[in-house]
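S.K.: Structure, please.
(chains A and B)
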Amino acid sequence: MIFGRKNRKPITIADKKVTEWKYTTCGYCSTGCTIEVGINEKGDAVSCRGAGGADVNRGKLCIKGIFEYEMFDAAGRGDKPLMRDKNYDDYQTASWDQALDKTASEIKRIQTTYGRDSFAVISTGQILTEEFYTLGKLARGCIGSNNYDGNTTLCMASAVSGYKRSFGSDGPPGCYDDFEHTHCLIAWGSNLPEQHPIIYWRLKEAMEKRKFPLIVVDPRVTMLAQFADIHLPITPGTDVVLQNSLMHVIFDEGLEDQDYINAHTNGVEEVKALVKEYDPVTAAKICGIDEDTIRTVARIYAKAPAAMGIWTMGINQSTHGSDGVVGINNLALITGNIGKPGGTSLSITGQCNAMGTREWSGCSGLPGYRTLENPQHRKEVADFWGIDESFFPEKRGLFQTDIFSAIETGEIKGLWLIATNPMTSMPNTTRIRKILQKLEFLVVQDAYQDVETTQYAHVFLPAALWAEKEGCFTNTERRVNLTNKVKEPRGDSKADFWIFNQMAKRFPNGAKIHFPETVAEAFDEMKELSKGNGRMLDISGMSHEKIKENFGLQWPHREGEHDSKGEARLYTDGSFQYADKKAKLIPLPFIDNNEVPCEQFPFWFNTGRVIEHFHTRTRTGKIGNQNKFSPTPYMEMNPDAAAELNIKHQSYVRIVSRRGDAVVMVQLTQRVPNNMVFVPMHYHECSNRVSLGLLDPHSRQPAFKQCAIRIEHVDQDKAAQLNLQRRTY
Amino acid sequence: MNSTNKSAINALQNQGVTETKQADGSTIFSIRPNEQAYAKLADKDIKNENRYGQKIDLIELTEGNLPVNRSMHINENPEVGTNPNRNKQHGFHFTADNCIACHACESACSEKNDLPAHISFRSVGYVEGGTYPAYKRMNISMACNHCDDPVCLKGCPTKAYTKHVEYGAVLQDSETCFGCGYCTWVCPYNAPQLDPVKGQVSKCNMCVDRLEVGLKPACVSACLGNALDFGVIENTPERREQTQTTIPGFPTPDITHPNIRFQQIDDMPDEVSRTDSMPIKYRKDEDGAFQTIVDKKQDLETNWNLGRLSSRENPLVLFTLGTQAVIGAFILLFLGDAFQLPMITAITESVMYLPMLGVLIAIEAAGLVMSTIHLGKPMRFYRGFNNLRHSPLSREALGVAMFFAGVAGHAFFSLFDHGVFNWWGATAITDIVPWVPTTLTAALAQGFGAFGVVAGIAGIYFMNRIYRIKARPFWNHWQVATSFAGTVMSLGAVLTGVVIIPSLGIMGESWTALATVLSLFIIAGLLIEGIGLFFHAKYLNAETSEGAASHYIQKTTFGKTYALRNCLLAANILAVSGLTLSGVDGIVAYVCLGLIAASIVFCSLIGRALFYVLVIPTTMPGAFFWKNKAFEQHARDIGLANRPQTGVAPDAH
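M.R.: The predicted model follows:
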């Protein structure tokens, strides 16, 4: 003790008295961090820590993971099933049997009255893979509606579509270890430090050990853009033009890997012919990146011994989302950058189990990357499940976004929403409200009773949350990791797995198909279904125990590969999933169909995410130590533009589009250009009141990030009250 | 450091041991399985002295007065940590170029220390500059810097702070703290956190439990940008090259010699601004260093904002003004009596003297209650005298308490030779206790009175010292002394007049002579205050930093209020002078004096309230919502703060 102190003051440091650390995988994004949840003597979850031995996060966690234990007791959890006849009645609590019986009978009534596809199921990327598989059995095998899709249409559909178009199959070919080997990384519309902070840290570690050029394509000066060696502040929605122009330079200067193209791809001539039109001089005028920079980037990328492209919503959420993904794949293919360390085309996935739903829920086809269009696949699954193969439709039904249109037009009369909140997440909120109101029957299954969509529901099924149950998630790099049950579900809420099993019992096919009682048995079924010669999505070598022992295993991981941790990369042999084993190079003509700024609506409206929140804030909005960093909606706006309109920092304004309006607080910053504003998408009654969300022709994913708005003054007191009123959390 | 230990450490260093010994099985902190290298302390060579010439070995610094292998008794655990460098001054290293503002450090800290949303030991803010797309944002993560010269420790009246010879950690004991918040005033980095809900301060504890087992603090281990690091001070972390003492937005290290070093190599724009409401930005000077300048965020429009004069410090406005008035009045009466000024002895020897003392005692008692209410934990008020050695607050508290005792004693012994109005005569008490000699009581009354005068003056002096804080440039000027001394004279005279003149009037005695003397005191007091304010404004106009920012707010947000106070001050001086010179007498003068007295009190209230609300501390830049005063106020105003997840504590009153 210094400064003449004689008496010792007690040193008291908070001790949460953790008696046990339980193994889980994070339930927020798709990075796939292993989290150990600290349990105290009373069995309460009181702490979270990263697992030191996990390869993905190596002991690190982001803000969301650090406070994930607070999610269990966050406000708004549902603990009793709720029912009502009309959506204007008050909810009454019900028993599970009552709620499930009513739901099943309503599904049957609607299907009998209007046809099998008139009842739709929209699922999520948030529940466990075994649950997805079970839901797939229920939706495809028992309910038998072809209008069954996931909310992944809002986030990764373009990546899925682009992968399928280029490589013949979904499945990100790269991994985080590629950062350690790459010599050039282009991040397309991906803000890793904010959206995938742990992946960013892996990238930063790699760059600190061995510097390589980082190129960031983003209209906004994100932290990643600021750290980039070259930042390309692109005109929104014109990524395809830039990609075509980069290819133009690569072909023009002979920088392509001709051997790789010859050996492993089809379609190079068509692509060459198209990109001829996209010389940098022409392209610069459309995409806003000058011709010299385009050439420089093309050269750095093509000359790198290994180069990779990563992307997130900046590409996916656009009218050219699928094309943008194909463009990134094209660039990788023509330079031979697929399937080699540091050379890849890696989508940075959004939800914790977006991959799981793509792999096993059968929402876009049948489990295990099987398609409805393939008779062999239909037979395999029908036989395995023990039902008549003719029960399956021969063609995929509607995508999530089209399901809403079909409700609008009256083709669909009933809907089951599982862990998704279209009232906040879908573009054009007012339209979605009208649509949900039209439903004869809406059942919402969610961990949160206050999820906004329950306003229009007839039945609410309270689901258990994240580590209140057991099962697997697959992450961005195809790593399957385990979540253990850390504590009992809140109140009378039940695991989604149990809910699906109970629902299956209420349909005739539920008696024919085996619905195992345990998650592990469901996993075994998936393993069986994943076997097969040349099947890429093979998990037959995995088990829950082995997954935990290795902090996750990557697929393909085949039976008998005892010492393996799975394959880090796909297509290492240049053999793709098309019948001829070759990847497809696809020409990408650019059609400018965006709603662009005009005299009436002079600003680009750009949306995105912030680190402290996840999706529609049903979880993060209630955890003070996260929510406090952005407790209320705001808008980044350029100070020069604001000065012209006499708009003050930290005042409220009204943003108006052709769809509607929203009130936001203004944050003036040069991070955004003069003619653009940025609004985080997490808030209810905010960005999606104005967004347009034109659909991508291939993936049906909405373009959340491109539309036009104007900014109006608003009475400050009224705006403040409205801001408060529009959200209870 | 004893020689065995020293050689043991040397031996370790000679062997090139880069990591501290694993402390698996320690009961101080349980190390997680497969702990990664980034979380482990890795100091190889250690310098002898830091850049300010202070010994890094804290045993050497304290000249071996304390033993080496001493237990820190963390949570009363007697185990001694295994960290071989536990007696070296440690500090943070922050690579500002790398911070991504991901909040992982703050979150890991809040998680470990189980903090509610409205409190955080570490905060991330930012400065930004440039023009799109040549835009640059520099994030700053800041907690306690465990300074060489911990002003918090010195300022704390309760002695809640200790700087330990283990790691040089400056630790605070919340259970000792009584929540006066003085440490939060003196710290230039906003490290101590006053929790308005709990009513006590808490702060970064350097994760000494982790350090004891060789782990870096939780915030450092959690960092996702590779920005935050920790180790023995002056050491350059792996893959880093700079150990600067400052970055843009960081207050001058001269105040406290903070134990933090920086790396900031990436080019910065010439000017960077803050997104929070502080009217401060930073501009590069010729040497490339960033200087604090005023950011005129709300133009130059002048306003009243009278409502905003009311603040958390309201009790202090009343306490300081009341105490100054009472001390002034008492000195005036006591010394006037001692010097046998006739118009004063006319009071002190009269039947009004004891009631007058009663009024003084009542006001002072109310003032003391005010200053106690201001505490987060009023029941712990008695701890205010714990730190007489360092804290001006302790000394002021002692001074005022002794003054109170002096006046009380004086009043008590004056009972023996004073009557009260026509209730009882001068000998009423001595008639009851005739065996008490009046010479003794008179002497005791004089003794207590003299003691009270001395204690009162000392109290006012230390009251002034309280505000001479380097981290609060608006206050750190001699104007505080002139303001307080001026108030002692002006309000002291007003108080005397307000009590005595009406009494004299009622009793039909002449009060003109007294009024003239009091007027002279008032004029002198107001002039002293005015001169101080004049030079203060002159100093602020020449200033560029937070002091200038305060002045900018004074001239804009409170522009009209400020002008009113200045005009009133001048008007009051003129009015008192005019009235004295005019020789107006009788009821007219009586009414005029009454009005002037009210005006002086009103002016003092505005002035003192301005003094508290205007101060802008040298804090770290905040973010748009978090650590943004204007947003906090907005959240309270609209009711958002009533939702705990907003992270803003609602107003207590």
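S.K.: got the contact list for the nearest residue to residue A:595 once chain neighbours are set aside?
M.R.: Closest residue in space to residue A:595, ignoring its immediate chain neighbours: residue A:707 at 4.6 Å, by Cβ to Cβ, 6 or more residues apart in numbering or on different chains. All C-beta spots, glycine's among them, are computed from the backbone N, C-alpha and C. Shown in contact with residue A:707 (Cβ atoms under 8 Å, 6 or more residues apart in numbering or on different chains): A:594-595, A:604-605, A:657-658, A:690-693.
S.K.: Quick check on those residues: which are buried?
M.R.: Buried subset of these (neighbour count, 16 or more other Cβ atoms under 10 Å in any protein chain shown): A:594-595, A:604-605, A:657, A:690-693.
S.K.: Around the closest residue to chain B within the stretch 301-450 of chain A, count how many other residues there are.
M.R.: Nearest residue of the stretch 301-450 of chain A to chain B: residue A:450, at 12.9 Å (Cβ to the nearest Cβ). As a burial measure, residue A:450 scores 16 neighbours (other Cβ atoms under 10 Å in any protein chain shown).
S.K.: pretty sure it is touching residue A:729, no?
M.R.: Yes: assessed by Cβ atoms under 8 Å, residue A:450 is found in contact with residue A:729 at 7.0 Å.
S.K.: what's the overlap in contacts for those two?
M.R.: Residues touching both residue A:450 and residue A:729 (Cβ under 8 Å, 6+ apart) are A:75-76, A:618.
S.K.: what does the stretch 451-600 of chain A have sitting close to chain B?
M.R.: For the stretch 451-600 of chain A, the contact set with chain B under Cβ under 8 Å from any Cβ of the partner chain is empty.
S.K.: Roughly how far does residue A:136 sit from residue A:700?
M.R.: 19 Å (Cβ to Cβ, to the nearest Å).
S.K.: before we move on, what about residue B:250?
M.R.: 50 Å.
S.K.: Give me the more crowded residue out of these two.
M.R.: residue B:250 (26 against 22).
S.K.: Now for the more buried one: which residues touch it?
M.R.: Going by Cβ under 8 Å, 6+ apart, residue B:250 touches B:140, B:142, B:262, B:620.
S.K.: Quick one, which of these are buried?
M.R.: B:140, B:142, B:262, B:620.
S.K.: show me what contacts residue B:484?
M.R.: Per Cβ under 8 Å, 6+ apart, neighbours of residue B:484: B:320, B:324, B:460, B:463-464.
S.K.: got a winner among the shared contacts of residue A:450 and residue A:729 for most neighbours?
M.R.: So for these (other Cβ under 10 Å), the most neighbours sit at residue A:618, 26 neighbours.
S.K.: Buried residues, the helix or strand that contains residue A:720. List them.
M.R.: Following DSSP states H and E, one finds residue A:720 within helix A:716-725. For helix A:716-725, a neighbour-count test (16+ other Cβ under 10 Å) marks A:719-720, A:722-724 as buried.
S.K.: Which ones, among these, also lie beside chain B?
M.R.: When contact is defined as Cβ under 8 Å from any Cβ, those meet chain B at A:720, A:723-724.
S.K.: And the pLDDT for residue 551?
M.R.: The chain I'm using is chain A. For residue A:551, the pLDDT comes out at 96.
S.K.: Sorry, I should have been clearer: chain B.
M.R.: pLDDT for residue B:551: 96.
S.K.: Bridged to the residue nearest to residue A:595, which residues?
M.R.: residue A:605 (DSSP bridges).
S.K.: of the buried residues of helix A:716-725, closest to chain B?
M.R.: Distances from chain B to the buried residues of helix A:716-725, taken by Cβ to the nearest Cβ, are shortest for residue A:720, at 4.4 Å.
S.K.: And the contacts of stretch B:348-358?
M.R.: Under Cβ under 8 Å, 6+ apart, the answer for stretch B:348-358 is B:329, B:333-334, B:336-337, B:347, B:407, B:410-411, B:414-415, B:418-422, B:426, B:496, B:499-500, B:503-504.
S.K.: among those, which are in helices?
M.R.: Among the contacts of stretch B:348-358, the residues falling in helices (DSSP state H) are B:329, B:333-334, B:336-337, B:347, B:407, B:410-411, B:414, B:496, B:499-500, B:503-504.
S.K.: residues from the stretch 301-450 of chain B in reach of chain A?
M.R.: B:389-390.
S.K.: any low-confidence regions in the stretch 301-450 of chain B?
M.R.: Judged against pLDDT under 70, the stretch 301-450 of chain B has no low-scoring part.
S.K.: which residue ranges form the helices in it?
M.R.: B:314-338, B:342-348, B:353-373, B:392-414, B:428-432, B:438-466 (DSSP state H, counting those that start in this stretch).
S.K.: Could you export those helices to JSON lines, including columns for mean neighbour count and distance to residue A:145?
M.R.: Converted to JSON lines, those look like this (neighbours: other Cβ atoms under 10 Å in any protein chain shown; distance: least, Cβ to Cβ, whole Å):
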{"stretch": "helix B:314-338", "mean neighbour count": "23", "distance to residue A:145": "66"}
{"stretch": "helix B:342-348", "mean neighbour count": "18", "distance to residue A:145": "98"}
{"stretch": "helix B:353-373", "mean neighbour count": "18", "distance to residue A:145": "67"}
{"stretch": "helix B:392-414", "mean neighbour count": "22", "distance to residue A:145": "73"}
{"stretch": "helix B:428-432", "mean neighbour count": "14", "distance to residue A:145": "100"}
{"stretch": "helix B:438-466", "mean neighbour count": "19", "distance to residue A:145": "74"}
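S.K.: could you redo those helices as CSV and give each row distance to residue A:467?
M.R.: Listed next are those as CSV, based on distance: least, Cβ to Cβ, whole Å:
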stretch, distance to residue A:467
helix B:314-338, 48
helix B:342-348, 78
helix B:353-373, 46
helix B:392-414, 49
helix B:428-432, 78
helix B:438-466, 52
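S.K.: Count the residues that sit near the closest residue in space to residue B:644 that isn't next to it in sequence.
M.R.: Sequence neighbours aside, residue A:624 is the residue nearest to residue B:644 in space, at 5.5 Å (criterion: Cβ to Cβ, 6+ apart). When neighbours are counted by other Cβ under 10 Å, residue A:624 registers 22.
S.K.: Quick one: residues contacting residue A:624.
M.R.: B:116-118, B:644-647.
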